[in-house]
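> Model the structure of this input:
(2 chains)
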Amino acid sequence: MIYLDNNATTKVDPKVLEAMLPYFKDEYANPSSVYEFAKRSNHAVRDARGVIKDFFNAENEKEIIFTSCGSESANTAIRGVLNMNKSKRHIITSKVEHPCVLNLYSALEKEGYKVDYIGVNSNGELDLAQLESCIDSDTALVSIMYANNETGVIFPIEKISQIIKSKNPETKFFVDAVQVTGKIPIDVQATGVDLMSISGHKFHAPKGIGALYVNSKTLITPLIIGGHQERGKRAGTENVPYIVGMAKAAELAMDNLKHEATEVKRLRDKLEANILKNVFNARVNAGIMSRVPNTTNIGFEYIEGELILLHLSDLGICASSGSACTSGSLEPSHVLRAMNVPFTAIHGSIRFSLSKFTTEKEIDYVCEKMPSIIEKLTNISPFQEELQALKARNRN
Amino acid sequence: MWDYSEKVIDHYRNPRNVGKIDNADAVGEAGSLACGDSLKIYLKIENNIVTDAKFQTFGCGSAVASSSILTEMIIGKTVEEVRKITNKDIADQLGGLPPEKMHCSVMGYEALEDALKNYGDYTDLDDLRNEEANNNKEEKIVCTCFGITENVIWDAIKINGLKTVEEVTNYTKAGGACGRCKGAIQDIIDTYYKKTKESSLSPAQKILKINNIIENQISPELKKDGGDITLVDIDGDKVLVKLRGRCSGCKNSHLTLKAFVETTLRETVDKNIEVIEV
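Numbering: from 1, shown residues only, chains lettered A, B, ... in the order given. Predicted coordinates:
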């Protein structure tokens, strides 16, 4: 099997699993208990919090909240900020956010909030002028993802932060960083972010663990109310093995950043260049300047994405698609639509996302197989005349 | 991930009859590039028999499989036989499709209908549909996102017995994008079932119609197997019949009554009809 869907989820690093195992077996104490036995699990959570603090480059451990996933982190951040600023009813976000954020905003619109959605250009870059013009005295929150999960395009977080603070210093800035963790360095202080969410399973920790950074100047209400855990910001007995696992994954990710920026990027670029060279109806659905190093989104014109995925799957290759048919929704990806990707390519868009475990041999195999799969499916297409015209155009 | 049947997998892996027939006798199209799936079907017809069929499809695995199996289903059949094929037949031949993918089979049916519309004298299968209303409805688009007409929705409801807006969306895609037409779809569903329930036929018309269908549709089918049927009496929704020939005394006669006679009368006259053998 060749796994090129690491933006969906990642393989648990064996070192992560190894770090977690003692907390399933022997160290099962509740970290809140008073006896000596509980001290070790208590300290494990404390140490993990320190690691995650460094991972964000936060100022203080108290700024880290452990959660169950990226969606919980985002919901906690957004609801938490809005509940603390009841008089302000305006939110700004982007059209290309992850559904866990977008669907929450459409729920908030029904609750009476006004939400502005910032558009992107055909390279997937955010319209910063529109963002700036939307911020006013009623803006409680700006919420922008660090990088897009489908295209890998990185948004200029530091610049956005400056724009927000210059227009309204009271407006809070939440960044969904789920898709950049482990791929590029994160620094909440340098970027001037108020809240930032991450999810363990995107960087080789297991599913079911996430974290939220909330800076000390930002007050939030909890989403889950109960015990005193996480300083009252998230009730529920700490998920010790998973917290330990995510901290280990964060440590490994920090050590691996250089590998991501060089080796993973090299393999991604190789795959992309090869497909573009050998498949006449392929195009990259993004500007290629500022992207996370592991992601490429390629549109194959006049063929449909699910069909490509099924044929890749027959060869043991796992990727994903922005096509409507894959998801069961009838509309293609909201991200690609916001970018105005042409109809001819939007339904045939395939995302390949690599990881540190991806090998050159695997990429070579995909490069070798891709042209014949696409050729076979192109021959089934009813748009033969359009395809011939495209072929002639690309040859010139 | 979809749970596709073995047959679907086989057909998208190795689609049959891919391509174009240059001097085709009938060509049909359905869907569009913008909507994410589209199909062209080409038929060669000699002496009223489909001698060759080819297809080109832009769409997902189940769309390719639906097109592929459809070509297999129609080659060698007469035009009349081919006209009777519905989306349900396509889905059944594939060993079923996931509910959200039923629209792929509908696309196959639509393309076939489109091809045959342009071939020979064509009468609409749907005799329930009032002619006048039909003319008005012809081009009325209900779902503007996917360009789905009232006729397509009406046919899907009729052929597949759809009851909810969600089912209509699964079968036709209508209502699957912005969702603004969901109210209109509900209205079509309501109208359809009101029509079948409150049959506007007078008692005399109803008796005539039942008699007509038994004589012209049901009886000829039974005769093929050496049997026959006669109408004895009609009491409200109860239709009393007598089976004759090989049908009388056949141990499967109750199946014939329920699965064929009663279903046919329910579909064509009144869905409350109960057929009783006397």
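> where's whatever residue of the stretch 151-300 of chain A ends up closest to chain B relative to residue A:370, distance?
Of all residues in the stretch 151-300 of chain A, the one sitting closest to chain B is residue A:300 (11.1 Å; CB to the nearest CB). Placement of C-beta: from N, CA and C, glycine included. Using CB to CB, to the nearest Å, one obtains 9 Å as the distance from residue A:300 to residue A:370.
> Now list whatever residues contact both of the two.
residue A:279 (CB atoms under 8 Å, 6 or more residues apart in numbering or on different chains).
> So the residue of the stretch 151-300 of chain A closest to chain B is in contact with residue A:280, correct?
No - checked against CB atoms under 8 Å, the pair residue A:300 and residue A:280 is beyond contact range at 10.0 Å.
> okay, these two: which has more neighbours?
Shown here are residue A:300 and residue A:280; by other CB atoms under 10 Å in any protein chain shown, residue A:300 has more neighbours (27 against 19).
> so what's the more buried one closest to, chain neighbours aside?
The shortest distance from residue A:300 to any non-neighbouring residue, by CB to CB, 6 or more residues apart in numbering or on different chains, is to residue A:348 (4.0 Å).
> Please identify every residue contacting each of residue A:300 and residue A:280.
If you check residue A:300 and residue A:280 against CB under 8 Å, 6+ apart, no residue is contacted by both.
> near chain B at all, whichever strand or helix holds residue A:394?
Assigned by DSSP states H and E, residue A:394 belongs to helix A:384-395. Yes - using CB under 8 Å from any CB of the partner chain as the criterion, contacts between helix A:384-395 and chain B involve residue A:384.
> And the contacts of that helix?
If you take CB under 8 Å, 6+ apart as the criterion, helix A:384-395 is touched by A:280-281, A:301-302, A:344, A:378, A:381, B:20, B:56.
> Lowest pLDDT pick from those?
Minimum pLDDT for the contacts of helix A:384-395 is recorded at residue A:344 (89).
> quick one: that one from residue A:174, how far?
Separation of residue A:344 from residue A:174 (CB to CB) stands at 36 Å.
> So between the two, which is more surrounded?
Taking neighbours as other CB under 10 Å, residue A:344 and residue A:174 compare with residue A:174 leading, 28 against 21.
> my guess is the more buried one meets residue A:188, correct?
No - using CB under 8 Å, residue A:174 makes no contact with residue A:188, being 11.3 Å away.
> pLDDT-wise, which helix or strand of chain B ranks last?
Using mean pLDDT, DSSP states H and E, helix B:131-137 stands out as the lowest-scoring helix or strand of chain B, at a mean of 50.
> Now residue 278: closest residue in space, sequence neighbours ignored.
Going with chain A. residue A:371 (4.4 Å).
> Let me rephrase: I mean chain B.
Using CB to CB, 6+ apart, the closest residue to residue B:278 is residue B:240 (4.8 Å).
> did I read that right, that neighbour in a strand?
Yes - the assignment for residue B:240 by DSSP: H, G, I helix; E, B strand; the rest coil puts it in a strand.
> Any idea what it is bridged to?
Residue B:240 has the following beta-bridge partners by DSSP bridges: residue B:233, residue B:276.
> Quick check: pLDDT value at the most centrally placed residue in chain B.
With distances taken as CA atoms, centre = their mean, residue B:86 lies nearest the centre of chain B, 3.5 Å away. pLDDT, residue B:86: 92.
> For the residue nearest to it when sequence neighbours are not counted, grab the count of nearby residues.
Using CB to CB, 6+ apart and skipping the chain neighbours, the partner closest in space to residue B:86 is residue B:159 (4.6 Å). Each residue near residue B:159 was counted by other CB under 10 Å, and the total is 19.
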